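Asks: turn this into a structure:
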Amino acid sequence: MNEQHTELRETVRDRYAAAATAVTSTNPCTGSGTPEADSGCCGPQAVEVDENFGAGLYAADERDALPAEAVAGSLGCGNPTAVAELRTGETVLDLGSGGGIDVLLSARRVGLAGKAYGLDMTEEMLALARANAAKAGATNVEFLKGTIESIPLPAGSIDVIISNCVINLSVDKPAVLAEIHRVLAPGGRIGITDVVAEDHLTPEQRAERGSYVDCIAGALSFAEYREGLSTAGLTGIEITTTHRVGDGLHSAIIRAIKPRDP
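Replies: Sure, this is the predicted structure:
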């Protein structure tokens, strides 16, 4: 990894560590508020939502079923659990799991016969996610520390991979897509959301519209996404836009399949 990529990764890490800290520091029920606030703690705090970002992209009944901190920690551009068509007994992996909202929702869908993994490189986000899982009483979840460019799981061990506006943050997207192919079982699938750029936008034009940590400068174009997934060995590629997030930039659902062995 070159020096620029290392700096970008650390910038991303710092940004999301700060986001996790902000969630825990503003909720007195975490024990990090004032003594007066802690003594009055009586349950989850209300969370304001934006219908085009983060928790606002989840149905109210999904938000209401989870700890408030999991909802507040949602920083994505979509709702991958709504498009992954999860089934009872499946094993799911969320790349860049953050505060754990998608892992917890996935765990409910796959049931106790299944399992939901979350992978994140930020200690603060992992601590928040594990606390949220404990509050939710989720026993079929596990949060792992690592990067999405080097997934700490065996080959062929995952049925479904989800991710919520995270792959655009990677400094080595070919490595991410190759790892997705490696850990998926034959016939396994992805159902992710991400920011995708229109094909006419150059990398320089994307950077003019937003920074790397804001999920804009590092966004792949539609053609680049399709080519990257195909090169990694995935088939059945579908990219469907859901809403506009900027000039020439869209939140999109990306689906693909790892072919079964001959």
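Asks: helices and strands of the protein: which one has the lowest mean pLDDT?
Replies: Lowest on mean pLDDT, DSSP states H and E among the helices and strands of the chain sits helix 35-39, with a mean of 34.
Asks: any idea how far Leu184 lies from Ile162?
Replies: 12 Å (C-beta to C-beta, to the nearest Å). The way it works is simple: take the backbone N, C-alpha and C, and place the C-beta from them, glycine included.
Asks: any residues in contact with both of these two?
Replies: Ile190 (C-beta atoms under 8 Å, 6 or more residues apart in numbering).
Asks: which of the two has more residues huddled nearby?
Replies: Neighbours were tallied for Leu184 and for Ile162 using other C-beta atoms under 10 Å; the higher tally belongs to Ile162 (29 against 25).
Asks: pretty sure that one contacts Ile101?
Replies: No - assessed by C-beta atoms under 8 Å, Ile162 is found out of contact with Ile101, at 11.1 Å.
Asks: who are the contact partners of the closest residue to Thr147 other than its chain neighbours?
Replies: Distance criterion C-beta to C-beta, 6 or more residues apart in numbering; nearest residue to Thr147, sequence neighbours excluded, is Met121 at 5.0 Å. By C-beta under 8 Å, 6+ apart, the contact set of Met121 is 13, 145-148.
Asks: flag the shaky bits of the chain, pLDDT-wise.
Replies: Applying pLDDT under 70 to the chain flags the ranges 1-2, 4-5, 9, 11-13, 15-17, 19-83, 262.
Asks: can you pull out the helices in the stretch 151-262 of the chain?
Replies: 173-183, 203-209, 222-231 (DSSP state H, counting those that start in this stretch).
Asks: any figure for the gap between Leu95 and Leu153?
Replies: Distance from Leu95 to Leu153, by C-beta to C-beta: 11 Å.
Asks: more neighbours: those two, which one.
Replies: A side-by-side neighbour count of Leu95 and Leu153, using other C-beta under 10 Å, places Leu95 first with 27 against 16.
Asks: partner residues bridging the more buried one?
Replies: Leu119, Ser163 (DSSP bridges).
Asks: for the protein, which strand is longest?
Replies: Identified as the longest strand of the chain according to DSSP state E is strand 184-197.
Asks: quick one, that one and helix 222-231 angle?
Replies: In terms of direction (axes from the mean of the first three to the mean of the last three C-alpha atoms, to 10 degrees), strand 184-197 departs from helix 222-231 by 170 degrees.
Asks: residues of strand 184-197 that come out buried?
Replies: 184-185, 188-197 (16 or more other C-beta atoms under 10 Å).
Asks: now do that strand: which elements does it pack against?
Replies: strand 158-164, strand 220-221, helix 222-231, strand 235-246, strand 249-257 (3 or more C-beta pairs under 8 Å, 6 or more residues apart in numbering; DSSP states H and E).
Asks: at 6 Å what do you get?
Replies: strand 158-164, strand 249-257 (3 or more C-beta pairs under 6 Å, 6 or more residues apart in numbering; DSSP states H and E).
Asks: nearest to Leu86, of the ones you listed?
Replies: The closest of the helices and strands packed on strand 184-197 to Leu86 is strand 158-164. By C-beta to C-beta, the value is 6.2 Å.
Asks: what angle do that closest one and strand 184-197 make?
Replies: Going by the same axes, to 10 degrees, strand 158-164 makes 10 degrees with strand 184-197.
Asks: sorry, back to before: what's the most buried one of the helices and strands packed on strand 184-197?
Replies: Burial of the helices and strands packed on strand 184-197 is given as mean neighbour count (mean count of other C-beta atoms under 10 Å); strand 158-164 ranks first at a mean of 26.
Asks: gap between that one and the chain center?
Replies: Centroid separation for strand 158-164 versus its chain: 9 Å, with C-alpha atoms, centre = their mean, to the nearest Å.
Asks: quick one, that strand and helix 173-183 angle?
Replies: Going by the same axes, to 10 degrees, strand 158-164 makes 150 degrees with helix 173-183.
Asks: give me the contacts around strand 158-164.
Replies: 76, 80, 84, 90-96, 102, 180, 183-185, 188-193 (C-beta atoms under 6 Å, 6 or more residues apart in numbering).
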